[in-house]
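**Q** okay, structure incoming, though there's no sequence with it:
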């Protein structure tokens, strides 16, 4: 029997969840497999309807898999009722009791579990300190803000010391500034408690900011698992590249490959070098991905630097950076660039200007189509 530290917190093994029957049947989760480590902040990321919340509900026990196994610390819990699983869930709607105080809400689950009164008081005090809500312990939850309610919901879920905490888009109802603050708070809580967090979101920035690792899902399948840098810089396929951040796609044909780098002939950029995925079959038409921040605008009369030329169609100022949209020389491809703004920097180019585009070394990557 492996030592607990060697066991994964959660393992999803070939899990399938089918809803409906006959011609109306569909797989909400389709042969998903992933191992989630102890004390990890793990995120299930994907668009609406991709199966991420269904997978979370399968772990919680609110749904049962059609096939496959769900392991928690080495024990198969696929058929275990939810109240017997050492996991807790924080939902989009916090489901707090408005007639109860903050402290009573936090202690409610412990009281229902029959814990001694002194233990409940001690745990409530510890949770109030953890989420920095000691001053509001006696206030009703109907009298506190949305961000404070979110902290209470987290404290209530953490109070019984679950092995795993499941979070189903808990920040979606908050405004942008508060959501950013709570992202930092969630990461702090996970680090301080050492509990495995499994977080569901459709927000790419949220996933990249908070996660140790991310699983990107589409149509019930897990397409790629990796840390934020791997997911962003080395996407496995076009869906992952397109879903995570802004991306440029160029069509091309590989002419040669050596040491993991391919020479690719493209209609709009000529020959460019691009890294290739492992075990990639270098043949036929391919798609090359280029992130907007890995390209730079320059005057069109710098032939040694430029890879492409086009007309600047749109300039969008975002404060921290500026986005440029360039219609390339083929008249069809719209290429996006993103450049960091510097203090008192004047715009170098204006809409309608003819511009060149220079690419950073090692910026391009070949995708599996």
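**A** Looks like it came in fine. Since the structure is predicted, the reported quantities are computational estimates derived from the model, not experimental observations.

**Q** where does pLDDT dip in the stretch 151-300 of the chain?
**A** 282-283 (pLDDT under 70).

**Q** mind listing the helices for it?
**A** Assignment of helices within the stretch 151-300 of the chain using DSSP state H, counting those that start in this stretch yields the ranges 176-193, 204-210, 228-233, 238-243.

**Q** quick one: which of those helices is nearest residue 108?
**A** helix 176-193 (19.1 Å; Cβ to Cβ). C-betas here are computed from N, CA, C, even on glycine.

**Q** now do the buried residues in the closest one.
**A** Applying a neighbour-count criterion of 16 or more other Cβ atoms under 10 Å, the buried positions in helix 176-193 are 178, 179, 182, 183, 185, 186, 187, 189, 190, 193.

**Q** domains of the chain?
**A** What automatic domain parsing lists as the domains of the chain is 4-233, 246-367.

**Q** ok now the last one, how far from the chain's centre?
**A** Taking Cα atoms, centre = their mean, to the nearest Å, one finds the center of domain 246-367 at 25 Å from the center of the full chain.

**Q** cool, and the longest one?
**A** Between the centre of domain 4-233 and the centre of its chain there are 14 Å (Cα atoms, centre = their mean).

**Q** could you number the chain from 513 rather than 1 from now on?
**A** Yep, numbering from 513; the last one is domain 516-745 now.

**Q** from residue 846, how far off is the closest residue to residue 519 other than its chain neighbours?
**A** Excluding the flanking residues, the one nearest residue 519 by Cβ to Cβ, 6 or more residues apart in numbering is residue 586, at 4.6 Å. Distance of residue 586 to residue 846, computed by Cβ to Cβ, to the nearest Å: 51 Å.

**Q** surely residue 699 meets residue 552?
**A** No: the criterion here is Cβ atoms under 8 Å, and residue 699 misses it with residue 552 at 11.9 Å.

**Q** ok, back up a step: Serialize the helices of the stretch 663-812 of the chain to CSV and add fields for distance to residue 780.
**A** CSV is the format used below for these (distance: least, Cβ to Cβ, whole Å):
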stretch, distance to residue 780
helix 688-705, 36
helix 716-722, 26
helix 740-745, 23
helix 750-755, 18
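
**Q** closest to residue 776 out of the buried residues of helix 688-705?
**A** Set against residue 776, the nearest of the buried residues of helix 688-705 by Cβ to Cβ is residue 695 (37.4 Å).

**Q** wait, that closest one sits on residue 720?
**A** No: Residue 695 is beyond contact range of residue 720, at 10.3 Å (criterion: Cβ under 8 Å).

**Q** hey, where'd the helices end up in the stretch 513-662 of the chain?
**A** Assigned by DSSP H, counting those that start in this stretch, the helices in the stretch 513-662 of the chain fall at 564-572, 614-624, 629-642, 658-670.

**Q** so which elements touch the shortest one?
**A** On a contact count with 3 or more Cβ pairs under 8 Å, 6 or more residues apart in numbering; DSSP states H and E, helix 564-572 meets strand 522-531, strand 538-548, strand 553-557, strand 579-584, strand 599-602, strand 676-680, strand 708-713.

**Q** next, the angle from it to strand 553-557.
**A** Angle of helix 564-572 versus strand 553-557, following axes from the mean of the first three to the mean of the last three Cα atoms, to 10 degrees, is 140 degrees.

**Q** same deal with the longest one?
**A** Interaxial angle, helix 629-642 versus strand 553-557 (the same axes, to 10 degrees): 70 degrees.

**Q** got the contact list for helix 629-642?
**A** Residues from elsewhere that reach helix 629-642 (Cβ atoms under 8 Å, 6 or more residues apart in numbering): 614-615, 618-619, 622-623, 627, 646, 649, 667-668, 670-671, 701, 704-705.

**Q** among those residues, which two are most distant?
**A** With distances taken as Cβ to Cβ, the most widely separated pair in the contacts of helix 629-642 is 623 and 704, at 24.1 Å.

**Q** ok, the residue nearest to the spatial centre of the chain to residue 772 distance?
**A** Closest residue to the average C-alpha location of the chain: residue 719 at 2.9 Å, with Cα atoms, centre = their mean. Distance of residue 719 to residue 772, given as Cβ to Cβ: 27 Å.

**Q** same check on residue 571?
**A** Distance from residue 571 to residue 772, counting by Cβ to Cβ: 37 Å.

**Q** out of the two, which sits in the more crowded spot?
**A** For residue 571 and residue 772, the more surrounded residue by other Cβ atoms under 10 Å is residue 571, and the numbers stand at 24 against 10.

**Q** from residue 624, how far out is the more buried one?
**A** For residue 571, the distance to residue 624 - Cβ to Cβ - is 21 Å.

**Q** next: residue 706.
**A** To residue 624, residue 706 is 24 Å away according to Cβ to Cβ.

**Q** before we move on, what about residue 680?
**A** For residue 680, the distance to residue 624 equals 21 Å [Cβ to Cβ].

**Q** of those two, which one has the most company?
**A** Between residue 680 and residue 624, residue 680 has the larger neighbour count (other Cβ under 10 Å), namely 20 against 10.

**Q** touching, that one and residue 601? I think so.
**A** Yes: if you go by Cβ under 8 Å, residue 680 and residue 601 touch, sitting 6.6 Å apart.

**Q** residues shared between the contacts of these two?
**A** Common neighbours of residue 680 and residue 601, using Cβ under 8 Å, 6+ apart, are residue 568.

**Q** so who does residue 649 touch?
**A** Neighbour list for residue 649: 613, 614, 615, 636, 640 [criterion: Cβ under 8 Å, 6+ apart].
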